[in-house]
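**Q** Give me coordinates for this.
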Amino acid sequence: MSLLIPLYGIGYCFYYMTGRPVKGLLWPILLYKAYWKLLFRIGMFPFKIIWKVLKSLMPSKRGEFSLVEVDRIGEGTRNEKGRQFEDYICQLYRTLGYEAYTTTELRQLGKLPEIIQKQSGIGEQGVDVVVFTREEGQTKSIIIQCKHYQSKVSNSAVQEIVSAVPLYQAQLAVVITNNYFTEPAHNLAKANNVLLIDRYRLADLIKSANKNRYKDHRRTHV
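**A** Just a heads-up that it's a prediction; the model follows:
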């Protein structure tokens, strides 16, 4: 209430200078209301961040994507975990409306770059998922490397995906992880225009995919 005294003082000065008593008296009330509204928003900000993190960790509804599912990819060998994460990311992009394939699928379809398709022993040059987009009648490709790690991803992952760009003639290179990236990885990615999607950004992708899934579900049930 002590704050109202100087605010009413401002209101009285306004009334004294303008001769408008009604508006002059409303000023301190509006300022007082705005002051508490601002305090409330500032106080709620950390709780919103905490809620966002907790919500991303909550068990998902049937058919929804979630970080909980990502964290559950932990059984089996390292190669098996990698394949599960690749399939997960591929399905995530499909739900977002993109045409996406794992490189295993592309090899089976015979649609990998010719030099990679012919030499099965060299692998896929660090590329796990390829996403195709169509802009202005042209097909463009995004190559993605998926890293399901229990520690931060180093710059070697960025080096691998950068070397694959000319082979796939890709317009964008991406590295996605369930964890985070080291500082050298960030520096190298910035120098080579590689997009890094860490755990926090992955949660945003998952949120967008679930919204898209919900829209598609409503369209098919209307």
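**Q** can you tell me how far residue 200 sits from residue 94?
**A** From residue 200 across to residue 94, the span is 22 Å (C-beta to C-beta, to the nearest Å). Heads up, the C-betas are built off the backbone N, CA and C, glycines and all.
**Q** quick one, which of these two is more surrounded?
**A** residue 94 (15 against 12; other C-beta atoms under 10 Å).
**Q** right, and the more buried one touches residue 100 too?
**A** Yes - under the criterion of C-beta atoms under 8 Å, residue 94 makes contact with residue 100 at 5.1 Å.
**Q** Confirm residue 92 sits in a helix?
**A** Yes - remark: residue 92 belongs to a helix, assigned using DSSP: H, G, I helix; E, B strand; the rest coil.
**Q** Quick check, pLDDT for it.
**A** Model confidence at residue 92, given as pLDDT, is 94.
**Q** burial count for it?
**A** Neighbours around residue 92, by other C-beta under 10 Å: 21.
**Q** Start from the N-terminal end of the chain and give the helices.
**A** All helices of the chain, identified by DSSP state H, fall at 4-18, 21-57, 67-72, 78-95, 103-109, 114-118, 155-168, 183-191, 199-220.
**Q** export the lengthiest strand in the chain as CSV, just CAs?
**A** Secondary structure of the chain per DSSP state E: the longest strand is strand 138-147. Extracted as CSV, the C-alpha positions of strand 138-147 are listed here (Å, rounded to 0.1, in the frame of the first residue of the first chain):
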residue,chain,number,x,y,z
GLN,A,138,13.3,-28.3,-56.8
THR,A,139,14.1,-31.2,-54.4
LYS,A,140,16.6,-30.4,-51.7
SER,A,141,18.2,-32.8,-49.2
ILE,A,142,19.1,-32.5,-45.5
ILE,A,143,21.5,-35.1,-44.2
ILE,A,144,21.3,-36.0,-40.5
GLN,A,145,23.7,-37.8,-38.2
CYS,A,146,22.1,-39.3,-35.0
LYS,A,147,24.1,-39.6,-31.8
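**Q** List the buried residues in that strand.
**A** 141-147 (16 or more other C-beta atoms under 10 Å).
**Q** And those residues, which is closest to residue 70?
**A** Using C-beta to C-beta, residue 146 comes nearest to residue 70 of the buried residues of strand 138-147, at 10.5 Å.
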